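A.B. asks: quick one: sequence and predicted model below, then my questions.
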Protein chains: 2
Amino acid sequence: MRWGKHDHGSRGYHHGNLKEALVRAALELIEKKGPAGFTFAEAARWAGVSPAAPYRHFRDRDELIADVARRGFDEFTAALTGAWEDGKPDVIAAFDRLGKAYLTFAKREPAYYSAMFEAGVPLDTDAELRAAGERAFAVLRAAAEKLVGDMPARARPPALMVALHIWSLTHGIASLFSRGDAARRTLPMAPEELLEAAFLIYLRGLGLPSASGATDDRD
Amino acid sequence: MRWGKHDHGSRGYHHGNLKEALVRAALELIEKKGPAGFTFAEAARWAGVSPAAPYRHFRDRDELIADVARRGFDEFTAALTGAWEDGKPDVIAAFDRLGKAYLTFAKREPAYYSAMFEAGVPLDTDAELRAAGERAFAVLRAAAEKLVGDMPARARPPALMVALHIWSLTHGIASLFSRGDAARRTLPMAPEELLEAAFLIYLRGLGLPSASGATDDRD
DNA sequence: ATCTCATGTAAAGGGCTTTTACATGAGCAG
DNA sequence: CTGCTCATGTAAAAGCCCTTTACATGAGAT
(Lines give C-alpha, C1' and ligand atoms only; values in the text may rest on other atoms or scores of the structure.)
Protein backbone atom coordinates (compact mmCIF):
# COMPACT_ATOMS: atom_id res chain seq x y z
CA MET A 1 0.00 0.00 0.00
CA ARG A 2 1.29 3.46 -0.87
CA TRP A 3 0.94 6.18 1.72
CA GLY A 4 2.49 9.20 0.11
CA LYS A 5 0.88 11.98 -1.86
CA HIS A 6 4.45 12.99 -2.58
CA ASP A 7 6.05 10.03 -4.25
CA HIS A 8 9.70 10.90 -3.89
CA GLY A 9 11.15 7.99 -5.79
CA SER A 10 9.69 4.51 -5.58
CA ARG A 11 10.83 2.30 -2.78
CA GLY A 12 10.14 -1.09 -1.33
CA TYR A 13 9.05 -1.97 2.14
CA HIS A 14 11.84 0.06 3.65
CA HIS A 15 12.22 3.72 3.00
CA GLY A 16 15.97 3.92 3.15
CA ASN A 17 16.34 7.38 4.63
CA LEU A 18 13.19 8.04 6.55
CA LYS A 19 14.74 10.09 9.30
CA GLU A 20 16.08 12.69 6.92
CA ALA A 21 12.86 12.68 4.95
CA LEU A 22 10.89 13.35 8.12
CA VAL A 23 13.11 16.26 9.04
CA ARG A 24 12.71 17.76 5.59
CA ALA A 25 8.96 17.23 5.78
CA ALA A 26 8.87 18.89 9.19
CA LEU A 27 10.71 21.91 7.83
CA GLU A 28 8.30 22.31 4.94
CA LEU A 29 5.24 21.83 7.10
CA ILE A 30 6.41 24.12 9.89
CA GLU A 31 7.21 26.77 7.34
CA LYS A 32 3.80 26.41 5.74
CA LYS A 33 1.59 26.14 8.80
CA GLY A 34 3.65 27.07 11.82
CA PRO A 35 4.98 24.75 14.51
CA ALA A 36 1.50 24.26 15.92
CA GLY A 37 0.06 23.20 12.58
CA PHE A 38 2.73 20.59 12.03
CA THR A 39 1.62 17.03 12.62
CA PHE A 40 3.56 13.84 12.90
CA ALA A 41 1.03 12.03 10.76
CA GLU A 42 1.29 14.48 7.93
CA ALA A 43 5.07 14.26 7.94
CA ALA A 44 4.70 10.49 7.66
CA ARG A 45 2.25 10.86 4.78
CA TRP A 46 4.58 13.30 3.10
CA ALA A 47 7.43 10.81 3.37
CA GLY A 48 5.22 8.02 2.08
CA VAL A 49 5.13 5.81 5.14
CA SER A 50 2.51 4.71 7.63
CA PRO A 51 1.68 6.90 10.63
CA ALA A 52 3.55 4.60 12.98
CA ALA A 53 6.82 4.55 11.05
CA PRO A 54 8.20 7.83 12.45
CA TYR A 55 8.22 6.28 15.90
CA ARG A 56 11.14 4.12 14.80
CA HIS A 57 13.22 7.29 14.56
CA PHE A 58 11.77 9.71 17.09
CA ARG A 59 10.28 8.99 20.50
CA ASP A 60 7.41 11.34 19.70
CA ARG A 61 6.46 14.48 17.87
CA ASP A 62 8.36 16.71 20.28
CA GLU A 63 11.59 14.86 19.72
CA LEU A 64 11.33 15.47 16.00
CA ILE A 65 10.82 19.17 16.59
CA ALA A 66 13.74 19.18 19.01
CA ASP A 67 15.89 17.54 16.36
CA VAL A 68 14.87 20.19 13.86
CA ALA A 69 15.74 22.84 16.43
CA ARG A 70 19.12 21.26 17.03
CA ARG A 71 19.90 21.24 13.32
CA GLY A 72 18.65 24.80 13.20
CA PHE A 73 21.13 25.85 15.85
CA ASP A 74 23.90 24.17 13.90
CA GLU A 75 22.99 26.05 10.73
CA PHE A 76 22.61 29.18 12.79
CA THR A 77 26.07 28.75 14.26
CA ALA A 78 27.50 28.27 10.80
CA ALA A 79 25.74 31.38 9.48
CA LEU A 80 26.92 33.50 12.39
CA THR A 81 30.44 32.17 12.23
CA GLY A 82 30.60 32.89 8.51
CA ALA A 83 29.32 36.42 9.01
CA TRP A 84 31.66 37.16 11.88
CA GLU A 85 34.71 35.99 9.97
CA ASP A 86 37.03 36.50 12.90
CA GLY A 87 36.13 40.14 13.20
CA LYS A 88 37.69 41.18 9.93
CA PRO A 89 38.31 43.72 8.60
CA ASP A 90 37.30 45.51 11.77
CA VAL A 91 35.17 44.59 14.75
CA ILE A 92 32.38 47.05 14.06
CA ALA A 93 31.84 45.97 10.48
CA ALA A 94 31.98 42.32 11.48
CA PHE A 95 29.45 42.89 14.24
CA ASP A 96 27.22 44.52 11.74
CA ARG A 97 27.39 41.48 9.50
CA LEU A 98 26.68 39.31 12.49
CA GLY A 99 23.47 41.15 13.26
CA LYS A 100 22.34 41.08 9.67
CA ALA A 101 23.09 37.37 9.51
CA TYR A 102 20.87 36.84 12.55
CA LEU A 103 17.98 38.71 10.95
CA THR A 104 18.53 37.03 7.62
CA PHE A 105 18.42 33.63 9.25
CA ALA A 106 15.15 34.46 10.98
CA LYS A 107 13.65 35.59 7.70
CA ARG A 108 14.99 32.92 5.38
CA GLU A 109 14.70 29.94 7.67
CA PRO A 110 11.45 30.59 9.50
CA ALA A 111 10.94 26.89 10.11
CA TYR A 112 14.27 26.51 11.87
CA TYR A 113 13.74 29.73 13.72
CA SER A 114 10.29 28.63 14.89
CA ALA A 115 11.56 25.30 16.06
CA MET A 116 14.47 26.93 17.85
CA PHE A 117 12.72 29.77 19.60
CA GLU A 118 8.96 29.47 19.37
CA ALA A 119 8.01 25.83 19.51
CA GLY A 120 8.25 25.69 23.27
CA VAL A 121 10.81 22.91 23.24
CA PRO A 122 12.20 22.45 26.74
CA LEU A 123 15.90 23.19 26.45
CA ASP A 124 16.85 21.41 29.64
CA THR A 125 15.57 17.97 28.67
CA ASP A 126 17.77 17.61 25.63
CA ALA A 127 21.51 17.95 26.20
CA GLU A 128 22.31 17.91 22.50
CA LEU A 129 19.91 20.71 21.83
CA ARG A 130 21.20 22.74 24.71
CA ALA A 131 24.77 22.27 23.55
CA ALA A 132 23.86 23.36 20.04
CA GLY A 133 22.28 26.50 21.45
CA GLU A 134 25.35 27.18 23.53
CA ARG A 135 27.57 26.90 20.47
CA ALA A 136 25.50 29.48 18.65
CA PHE A 137 25.69 31.86 21.57
CA ALA A 138 29.41 31.22 21.87
CA VAL A 139 29.93 32.88 18.49
CA LEU A 140 28.27 36.01 19.76
CA ARG A 141 30.15 35.83 23.00
CA ALA A 142 33.50 35.51 21.25
CA ALA A 143 32.60 38.49 19.12
CA ALA A 144 31.79 40.48 22.23
CA GLU A 145 35.12 39.48 23.75
CA LYS A 146 36.90 40.89 20.75
CA LEU A 147 34.80 44.03 20.84
CA VAL A 148 35.53 44.88 24.44
CA GLY A 149 39.11 43.69 24.08
CA ASP A 150 39.81 46.76 21.99
CA MET A 151 38.76 48.99 24.84
CA PRO A 152 40.98 50.35 27.59
CA ALA A 153 40.78 48.02 30.56
CA ARG A 154 39.49 50.75 32.82
CA ALA A 155 36.33 51.33 30.74
CA ARG A 156 35.87 47.74 29.65
CA PRO A 157 32.39 46.30 30.23
CA PRO A 158 31.89 42.58 30.84
CA ALA A 159 31.91 40.81 27.51
CA LEU A 160 29.16 38.46 28.59
CA MET A 161 26.90 41.38 29.34
CA VAL A 162 27.59 42.94 25.98
CA ALA A 163 26.91 39.66 24.25
CA LEU A 164 23.61 39.29 26.08
CA HIS A 165 22.62 42.85 25.25
CA ILE A 166 23.27 42.44 21.58
CA TRP A 167 21.67 39.04 21.47
CA SER A 168 18.56 40.35 23.18
CA LEU A 169 18.30 43.36 20.94
CA THR A 170 18.76 41.35 17.79
CA HIS A 171 16.43 38.62 18.92
CA GLY A 172 13.79 41.17 19.82
CA ILE A 173 13.94 42.77 16.40
CA ALA A 174 13.92 39.39 14.68
CA SER A 175 10.95 38.16 16.71
CA LEU A 176 8.90 41.29 16.40
CA PHE A 177 9.62 42.46 12.88
CA SER A 178 11.78 40.17 10.87
CA ARG A 179 9.62 37.11 10.38
CA GLY A 180 8.38 35.88 7.05
CA ASP A 181 4.90 36.80 5.90
CA ALA A 182 3.26 36.92 9.31
CA ALA A 183 5.02 40.15 10.28
CA ARG A 184 3.43 41.50 13.38
CA ARG A 185 3.90 45.14 12.50
CA THR A 186 4.91 47.22 9.54
CA LEU A 187 7.94 49.36 10.09
CA PRO A 188 8.98 52.75 8.75
CA MET A 189 12.43 51.25 8.20
CA ALA A 190 13.94 47.87 7.41
CA PRO A 191 14.69 45.69 10.43
CA GLU A 192 18.33 45.70 9.36
CA GLU A 193 18.49 49.48 9.52
CA LEU A 194 16.73 49.48 12.87
CA LEU A 195 19.27 47.04 14.22
CA GLU A 196 22.25 48.85 12.81
CA ALA A 197 21.15 52.15 14.29
CA ALA A 198 20.58 50.58 17.70
CA PHE A 199 23.91 48.86 17.52
CA LEU A 200 25.76 52.08 16.74
CA ILE A 201 24.00 53.94 19.53
CA TYR A 202 24.83 51.16 21.94
CA LEU A 203 28.49 51.20 20.92
CA ARG A 204 28.67 54.92 21.46
CA GLY A 205 27.18 54.36 24.86
CA LEU A 206 29.94 51.90 25.61
CA GLY A 207 32.46 54.58 24.75
CA LEU A 208 33.46 53.18 21.40
CA PRO A 209 34.77 56.00 19.23
CA SER A 210 33.99 54.54 15.83
CA ALA A 211 30.25 54.87 16.17
CA SER A 212 28.98 57.79 14.15
CA GLY A 213 25.83 58.59 12.22
CA ALA A 214 23.78 56.80 14.81
CA THR A 215 21.47 59.68 15.51
CA ASP A 216 20.91 61.03 12.04
CA ASP A 217 17.59 62.75 11.73
CA ARG A 218 15.78 60.44 9.40
CA ASP A 219 12.13 60.34 10.30
CA MET B 1 -25.18 15.19 33.08
CA ARG B 2 -22.27 16.93 34.80
CA TRP B 3 -19.16 17.60 32.77
CA GLY B 4 -16.88 19.40 35.09
CA LYS B 5 -14.16 18.09 37.32
CA HIS B 6 -14.09 21.61 38.68
CA ASP B 7 -17.57 22.27 39.95
CA HIS B 8 -17.48 26.03 40.28
CA GLY B 9 -20.90 26.48 41.78
CA SER B 10 -23.82 24.34 40.78
CA ARG B 11 -25.82 25.44 37.83
CA GLY B 12 -28.67 24.29 35.70
CA TYR B 13 -28.76 23.72 32.02
CA HIS B 14 -27.28 27.11 31.30
CA HIS B 15 -23.91 28.12 32.65
CA GLY B 16 -24.57 31.79 33.10
CA ASN B 17 -21.14 33.15 32.29
CA LEU B 18 -19.47 30.60 30.12
CA LYS B 19 -17.45 33.01 28.04
CA GLU B 20 -15.61 34.40 31.05
CA ALA B 21 -15.18 30.94 32.50
CA LEU B 22 -13.60 29.76 29.27
CA VAL B 23 -11.18 32.65 29.23
CA ARG B 24 -10.16 31.94 32.81
CA ALA B 25 -9.76 28.27 31.98
CA ALA B 26 -7.64 29.15 28.98
CA LEU B 27 -5.36 31.27 31.14
CA GLU B 28 -4.86 28.50 33.66
CA LEU B 29 -4.30 25.86 31.03
CA ILE B 30 -1.94 27.94 28.91
CA GLU B 31 0.05 28.78 32.00
CA LYS B 32 0.24 25.14 32.98
CA LYS B 33 0.94 23.51 29.64
CA GLY B 34 1.82 26.20 27.16
CA PRO B 35 -0.30 27.54 24.32
CA ALA B 36 0.22 24.36 22.34
CA GLY B 37 -0.98 22.15 25.17
CA PHE B 38 -4.15 24.10 25.63
CA THR B 39 -7.24 22.43 24.20
CA PHE B 40 -10.72 23.68 23.63
CA ALA B 41 -12.16 20.48 25.00
CA GLU B 42 -10.30 20.73 28.25
CA ALA B 43 -11.38 24.30 28.75
CA ALA B 44 -14.96 23.14 28.28
CA ARG B 45 -14.46 20.32 30.78
CA TRP B 46 -12.92 22.76 33.21
CA ALA B 47 -15.92 25.04 32.90
CA GLY B 48 -18.28 22.12 33.34
CA VAL B 49 -19.92 22.13 29.93
CA SER B 50 -19.99 19.84 26.93
CA PRO B 51 -17.24 20.02 24.29
CA ALA B 52 -19.55 21.79 21.86
CA ALA B 53 -20.64 24.57 24.19
CA PRO B 54 -17.64 26.84 23.62
CA TYR B 55 -18.61 27.16 19.99
CA ARG B 56 -21.53 29.33 21.08
CA HIS B 57 -19.00 31.94 22.20
CA PHE B 58 -15.95 31.52 19.98
CA ARG B 59 -15.78 30.58 16.33
CA ASP B 60 -12.98 28.16 17.14
CA ARG B 61 -9.99 27.54 19.35
CA ASP B 62 -7.95 30.27 17.70
CA GLU B 63 -10.58 32.89 18.37
CA LEU B 64 -10.48 32.09 22.06
CA ILE B 65 -6.71 32.46 22.11
CA ALA B 66 -7.02 35.72 20.19
CA ASP B 67 -9.48 36.95 22.78
CA VAL B 68 -7.07 36.04 25.55
CA ALA B 69 -4.33 37.88 23.68
CA ARG B 70 -6.53 40.95 23.33
CA ARG B 71 -7.28 40.99 27.03
CA GLY B 72 -3.59 40.48 27.64
CA PHE B 73 -2.71 43.55 25.62
CA ASP B 74 -5.24 45.54 27.62
CA GLU B 75 -3.70 44.42 30.90
CA PHE B 76 -0.29 45.06 29.45
CA THR B 77 -1.25 48.58 28.44
CA ALA B 78 -2.55 49.23 31.94
CA ALA B 79 0.63 47.88 33.53
CA LEU B 80 2.87 49.96 31.28
CA THR B 81 0.78 53.08 31.73
CA GLY B 82 0.86 52.67 35.48
CA ALA B 83 4.63 52.20 35.49
CA TRP B 84 5.27 55.15 33.20
CA GLU B 85 3.17 57.51 35.26
CA ASP B 86 3.61 60.39 32.87
CA GLY B 87 7.35 60.27 33.14
CA LYS B 88 7.51 61.35 36.76
CA PRO B 89 9.64 62.16 38.62
CA ASP B 90 12.07 62.13 35.73
CA VAL B 91 12.11 60.49 32.36
CA ILE B 92 14.98 58.13 33.05
CA ALA B 93 13.51 56.73 36.25
CA ALA B 94 10.11 56.36 34.60
CA PHE B 95 11.65 54.56 31.65
CA ASP B 96 13.33 52.24 34.04
CA ARG B 97 10.02 51.41 35.68
CA LEU B 98 8.54 50.87 32.24
CA GLY B 99 11.15 48.30 31.36
CA LYS B 100 10.77 46.51 34.65
CA ALA B 101 7.00 46.48 34.22
CA TYR B 102 7.46 44.82 30.84
CA LEU B 103 9.64 42.10 32.31
CA THR B 104 7.40 41.67 35.31
CA PHE B 105 4.40 41.22 33.07
CA ALA B 106 6.18 38.56 31.05
CA LYS B 107 7.11 36.71 34.21
CA ARG B 108 3.90 37.05 36.20
CA GLU B 109 1.45 36.63 33.35
CA PRO B 110 3.08 33.97 31.22
CA ALA B 111 -0.29 32.88 29.86
CA TYR B 112 -1.14 36.34 28.58
CA TYR B 113 2.38 36.79 27.31
CA SER B 114 2.26 33.49 25.45
CA ALA B 115 -1.07 34.28 23.87
CA MET B 116 0.13 37.74 22.87
CA PHE B 117 3.52 36.92 21.44
CA GLU B 118 4.03 33.20 21.04
CA ALA B 119 0.77 31.59 20.08
CA GLY B 120 1.15 32.52 16.44
CA VAL B 121 -2.11 34.42 16.34
CA PRO B 122 -2.33 36.31 13.07
CA LEU B 123 -2.50 39.98 14.05
CA ASP B 124 -3.93 41.14 10.76
CA THR B 125 -7.09 39.06 10.86
CA ASP B 126 -8.41 40.55 14.08
CA ALA B 127 -8.82 44.32 14.15
CA GLU B 128 -9.61 44.38 17.87
CA LEU B 129 -6.47 42.50 18.67
CA ARG B 130 -4.36 44.66 16.45
CA ALA B 131 -5.79 47.80 18.01
CA ALA B 132 -5.07 46.49 21.50
CA GLY B 133 -1.48 45.83 20.48
CA GLU B 134 -1.18 49.32 19.04
CA ARG B 135 -2.42 50.83 22.29
CA ALA B 136 0.26 48.99 24.23
CA PHE B 137 2.96 50.18 21.88
CA ALA B 138 1.56 53.71 22.04
CA VAL B 139 2.54 53.90 25.71
CA LEU B 140 6.12 53.14 24.82
CA ARG B 141 6.03 55.51 21.92
CA ALA B 142 4.71 58.36 24.07
CA ALA B 143 7.47 57.66 26.56
CA ALA B 144 10.04 57.84 23.80
CA GLU B 145 8.57 61.14 22.65
CA LYS B 146 9.08 62.56 26.09
CA LEU B 147 12.58 61.16 26.29
CA VAL B 148 13.80 62.71 23.08
CA GLY B 149 11.81 65.86 23.76
CA ASP B 150 14.31 66.72 26.46
CA MET B 151 17.13 66.67 23.95
CA PRO B 152 18.39 69.56 21.89
CA ALA B 153 16.65 69.52 18.53
CA ARG B 154 19.92 69.19 16.66
CA ALA B 155 20.82 65.86 18.31
CA ARG B 156 17.29 64.56 18.62
CA PRO B 157 16.74 61.04 17.24
CA PRO B 158 13.37 59.99 15.86
CA ALA B 159 11.13 59.04 18.77
CA LEU B 160 9.64 56.14 16.85
CA MET B 161 13.06 54.65 16.32
CA VAL B 162 13.91 54.98 19.99
CA ALA B 163 10.62 53.37 20.95
CA LEU B 164 11.28 50.47 18.60
CA HIS B 165 14.79 50.02 19.92
CA ILE B 166 13.69 49.88 23.50
CA TRP B 167 10.75 47.67 22.74
CA SER B 168 12.97 45.24 20.85
CA LEU B 169 15.58 45.16 23.55
CA THR B 170 13.05 44.61 26.30
CA HIS B 171 11.11 42.07 24.33
CA GLY B 172 14.28 40.19 23.53
CA ILE B 173 15.27 39.98 27.17
CA ALA B 174 11.77 38.99 28.19
CA SER B 175 11.54 36.29 25.55
CA LEU B 176 14.97 34.84 26.12
CA PHE B 177 15.40 35.12 29.87
CA SER B 178 12.41 36.37 31.72
CA ARG B 179 9.87 33.61 31.31
CA GLY B 180 8.45 31.56 34.12
CA ASP B 181 9.90 28.17 34.91
CA ALA B 182 10.87 27.22 31.38
CA ALA B 183 13.72 29.71 31.30
CA ARG B 184 15.84 29.06 28.27
CA ARG B 185 19.11 30.02 29.87
CA THR B 186 20.48 30.84 33.26
CA LEU B 187 21.97 34.26 33.61
CA PRO B 188 24.80 35.64 35.71
CA MET B 189 22.50 38.58 36.50
CA ALA B 190 18.81 39.25 36.85
CA PRO B 191 17.00 40.13 33.63
CA GLU B 192 16.04 43.44 35.22
CA GLU B 193 19.67 44.33 35.80
CA LEU B 194 20.57 43.27 32.31
CA LEU B 195 17.87 45.50 30.91
CA GLU B 196 18.75 48.45 33.07
CA ALA B 197 22.40 48.29 32.09
CA ALA B 198 21.54 48.09 28.41
CA PHE B 199 19.13 50.94 28.76
CA LEU B 200 21.70 53.18 30.41
CA ILE B 201 24.31 52.37 27.80
CA TYR B 202 21.80 53.08 25.05
CA LEU B 203 20.90 56.44 26.60
CA ARG B 204 24.54 57.41 26.83
CA GLY B 205 24.84 56.51 23.18
CA LEU B 206 21.98 58.87 22.43
CA GLY B 207 23.88 61.62 24.16
CA LEU B 208 21.80 61.71 27.30
CA PRO B 209 23.92 63.06 30.16
CA SER B 210 22.15 61.37 33.05
CA ALA B 211 23.35 57.89 32.25
CA SER B 212 26.15 56.83 34.55
CA GLY B 213 27.29 53.58 36.10
CA ALA B 214 26.36 51.75 32.97
CA THR B 215 29.69 50.10 32.46
CA ASP B 216 30.57 49.10 36.00
CA ASP B 217 32.83 46.11 36.11
CA ARG B 218 30.57 43.59 37.68
CA ASP B 219 31.29 40.19 36.17
C1' DA C 1 21.45 -20.18 2.57
C1' DT C 2 19.84 -18.66 6.79
C1' DC C 3 19.32 -15.69 10.68
C1' DT C 4 18.60 -11.46 12.97
C1' DC C 5 17.13 -7.21 13.93
C1' DA C 6 16.24 -2.57 12.29
C1' DT C 7 12.58 -0.74 9.93
C1' DG C 8 7.88 -0.55 8.39
C1' DT C 9 2.61 -1.96 8.60
C1' DA C 10 -2.01 -2.91 10.46
C1' DA C 11 -5.08 -2.28 13.81
C1' DA C 12 -6.90 -0.26 17.68
C1' DG C 13 -7.83 2.92 21.77
C1' DG C 14 -8.27 7.38 23.20
C1' DG C 15 -8.51 12.36 22.62
C1' DC C 16 -9.52 16.76 20.12
C1' DT C 17 -12.20 19.57 16.65
C1' DT C 18 -16.10 20.81 14.55
C1' DT C 19 -20.78 20.29 12.68
C1' DT C 20 -25.72 19.22 12.96
C1' DA C 21 -29.95 18.27 15.02
C1' DC C 22 -32.22 18.64 19.19
C1' DA C 23 -33.19 20.28 24.27
C1' DT C 24 -33.67 23.73 27.84
C1' DG C 25 -35.12 27.60 30.12
C1' DA C 26 -34.61 32.89 30.79
C1' DG C 27 -36.78 36.86 29.41
C1' DC C 28 -40.40 39.09 27.38
C1' DA C 29 -45.23 40.00 25.28
C1' DG C 30 -49.73 39.70 26.01
C1' DC D 1 -49.74 33.97 34.79
C1' DT D 2 -49.14 31.79 30.08
C1' DG D 3 -46.84 30.90 26.28
C1' DC D 4 -43.31 32.09 22.74
C1' DT D 5 -38.66 32.79 21.19
C1' DC D 6 -34.04 32.51 20.83
C1' DA D 7 -29.62 32.37 23.08
C1' DT D 8 -27.33 28.83 25.15
C1' DG D 9 -26.18 24.06 26.02
C1' DT D 10 -26.28 18.76 24.81
C1' DA D 11 -25.79 14.51 22.10
C1' DA D 12 -24.06 12.26 18.51
C1' DA D 13 -21.12 11.61 14.85
C1' DA D 14 -17.37 12.14 11.31
C1' DG D 15 -12.68 13.02 10.73
C1' DC D 16 -8.11 13.64 12.16
C1' DC D 17 -4.09 12.94 15.16
C1' DC D 18 -1.14 10.47 18.69
C1' DT D 19 0.66 6.49 20.33
C1' DT D 20 1.09 1.55 21.38
C1' DT D 21 1.24 -3.40 20.23
C1' DA D 22 1.62 -7.34 17.54
C1' DC D 23 3.14 -8.67 13.23
C1' DA D 24 5.71 -8.36 8.44
C1' DT D 25 9.67 -7.50 5.55
C1' DG D 26 14.11 -7.63 3.83
C1' DA D 27 19.15 -5.85 4.20
C1' DG D 28 23.25 -7.22 5.95
C1' DA D 29 25.93 -10.39 8.61
C1' DT D 30 27.40 -15.20 9.27
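C.D. replies: Everything's here; your move.
A.B. asks: got any ranges where chain A has weak pLDDT?
C.D. replies: For chain A, applying pLDDT under 70 flags the ranges A:1-10, A:180-184, A:209-219.
A.B. asks: interface residues of it facing DNA strand C?
C.D. replies: Taking C-beta under 7 Å from any atom of the strand, the part of chain A that reaches DNA strand C is made up of A:1, A:3, A:13-16, A:18, A:49-53, A:56-57. Backbone N, C-alpha and C define where each C-beta goes, glycine included.
A.B. asks: give me the neighbour count for the nearest residue to residue A:53 once chain neighbours are set aside.
C.D. replies: Closest residue in space to residue A:53, ignoring its immediate chain neighbours: residue A:44 at 5.8 Å, by C-beta to C-beta, 6 or more residues apart in numbering or on different chains. Using other C-beta atoms under 10 Å in any protein chain shown, residue A:44 is surrounded by 22 other residues.
A.B. asks: tell me which element residue A:44 is part of?
C.D. replies: Per DSSP states H and E, residue A:44 falls inside helix A:40-47.
A.B. asks: ok, now residue A:51?
C.D. replies: Here residue A:51 is assigned to no helix or strand, by DSSP H and E.
A.B. asks: check whether it really touches residue A:39, as I assumed.
C.D. replies: No - at 9.6 Å, residue A:51 does not count as touching residue A:39 under the criterion of C-beta atoms under 8 Å.
A.B. asks: buried subset of the residues of chain A next to DNA strand C?
C.D. replies: Taking 16 or more other C-beta atoms under 10 Å in any protein chain shown as the criterion, what is buried in the residues of chain A next to DNA strand C is A:15, A:18, A:49, A:53, A:57.
A.B. asks: okay, the residues you listed in a markdown table with secondary structure next?
C.D. replies: Below are those laid out as a markdown table (DSSP: H, G, I helix; E, B strand; the rest coil):
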| residue | secondary structure |
| --- | --- |
| A:15 | coil |
| A:18 | helix |
| A:49 | coil |
| A:53 | helix |
| A:57 | coil |
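A.B. asks: tabulate those (JSON lines), appending distance to DNA strand D.
C.D. replies: Compiled in JSON lines, those are given as follows (distance: C-beta to the nearest atom of the strand, whole Å):
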{"residue": "A:15", "distance to DNA strand D": "10"}
{"residue": "A:18", "distance to DNA strand D": "13"}
{"residue": "A:49", "distance to DNA strand D": "11"}
{"residue": "A:53", "distance to DNA strand D": "9"}
{"residue": "A:57", "distance to DNA strand D": "12"}
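A.B. asks: picking that back up, who are the packing partners of the helix holding residue A:44?
C.D. replies: Helices and strands touching helix A:40-47, by 3 or more C-beta pairs under 8 Å, 6 or more residues apart in numbering or on different chains; DSSP states H and E, are helix A:18-37, helix A:61-84.
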